[in-house]
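Enquirer: One predicted model, sequence on top.
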Amino acid sequence: METTDLLARHRAGLDIVREAGALALDYYRRRASLPIERKGLQDFVSDADKKTEDLIVERLSRLFPDDSILGEEGGLRQRGPRLWVIDPIDGTANFLRGIPHWCVSVGMIAEGRAVIGLLFNPVTGEMFSAHAGGGAYLGDEPITVSGLADLGASSIGMGYAHRLPLAPYVAEMEAALRAGIDCRTLGSGALDIGFVAAGRLDATYYGHINLWDVAGGLAILAEAGGIASDFMAGDAATNGNELLVATPALYEPLRAMLLRAERRAA
């Protein structure tokens, strides 16, 4: 992908995500009146998700008509090899409960890797962003992963996917707690990755998570110096995958402890 094309899409993405965030924030302030649908166990969607995604899709389609778009709510619009991936409100359960930990997440995948990442929490005004080769930023300030090497002093995000059996998750949580790790379930996989990139968390692990939940964070994580498991392996683009992201010194011990694919192969 040409650098000029990448920069143009990154700049446009920043403006679009801010506009979408303003719309989502307006819905958040009047969330008590929102109609809510239930897609599955602890899986909710509201008009705020749908309208925010519609805005992002319309803006991207007008500016980049040859790019493909995958939205959590609207599915895939296949046009070309560059793929925008949208989660209009990552952390919908937090959003609907008035917990100010959610974000608009937009990422771009090109040639099998994340090349643009944008995570915007309009409640706090925080924008995590990156494009390949350009560094990672929180607002205008560069960010890096924590660099922590002591597993027993670490703090990691973990989330449970209700589509999976409970027992492995309980075992993984127990193993982490026995290792002295501070385990946190914060309710937004996208922001978990942004927090690892900014050094607020040292790692995050999900036994299953969808592409739209992580696409906005992966480029930011990579540019901040973090390591991620191979999320894009297999059919992850359509069916999701497990994901571990971490500051470098903690990746290997956490991989051995948590990554299910690695433990099955051992």
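Expert: Noted; the coordinates are in hand.

Enquirer: quick one, phi/psi of the nearest residue to Asp202 once chain neighbours are set aside?
Expert: Nearest non-adjacent residue to Asp202, counting by Cβ to Cβ, 6 or more residues apart in numbering: Ser154, 4.1 Å away. Heads up, the C-betas are built off the backbone N, CA and C, glycines and all. The phi and psi values for Ser154, taken as degrees, to the nearest 10, are phi -90, psi 160.

Enquirer: I figured Ser154 was touching Leu177, is that so?
Expert: No. Using Cβ atoms under 8 Å, Ser154 is not in contact with Leu177; the gap is 11.8 Å.

Enquirer: between these two, who's got more neighbours?
Expert: The neighbour count for Ser154 versus Leu177, taken as other Cβ atoms under 10 Å, is higher for Ser154 (24 against 11).

Enquirer: Contact partners for the more buried one?
Expert: By Cβ atoms under 8 Å, 6 or more residues apart in numbering, the contact list for Ser154 reads 148, 181-182, 202-203, 250.

Enquirer: What ranges does the stretch 101-250 of the chain have for its helices?
Expert: Secondary structure of the stretch 101-250 of the chain (DSSP state H, counting those that start in this stretch): helices located at 166-178, 189-197, 211-223, 236-239, 248-258.

Enquirer: Lowest average pLDDT across those helices?
Expert: Within the helices of the stretch 101-250 of the chain, confidence is poorest for helix 236-239, with a mean of 79 (mean pLDDT).

Enquirer: Which of the residues in that one are classified as buried?
Expert: Buried residues in helix 236-239, counting neighbours by 16 or more other Cβ atoms under 10 Å, are found at 236-237.

Enquirer: which other residues reach that helix?
Expert: Contacts for helix 236-239 (Cβ under 8 Å, 6+ apart): 70, 109, 211.

Enquirer: Format these as JSON lines; extra columns: neighbour count.
Expert: Listed next are those as JSON lines, based on neighbours: other Cβ atoms under 10 Å:
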{"residue": "Leu70", "neighbour count": "23"}
{"residue": "Ile109", "neighbour count": "22"}
{"residue": "Leu211", "neighbour count": "23"}
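
Enquirer: quick one on the thing from earlier: nearest to Thr3, of the helices of the stretch 101-250 of the chain?
Expert: Set against Thr3 and scored by Cβ to Cβ, the helices of the stretch 101-250 of the chain come closest in helix 211-223, at 14.5 Å.
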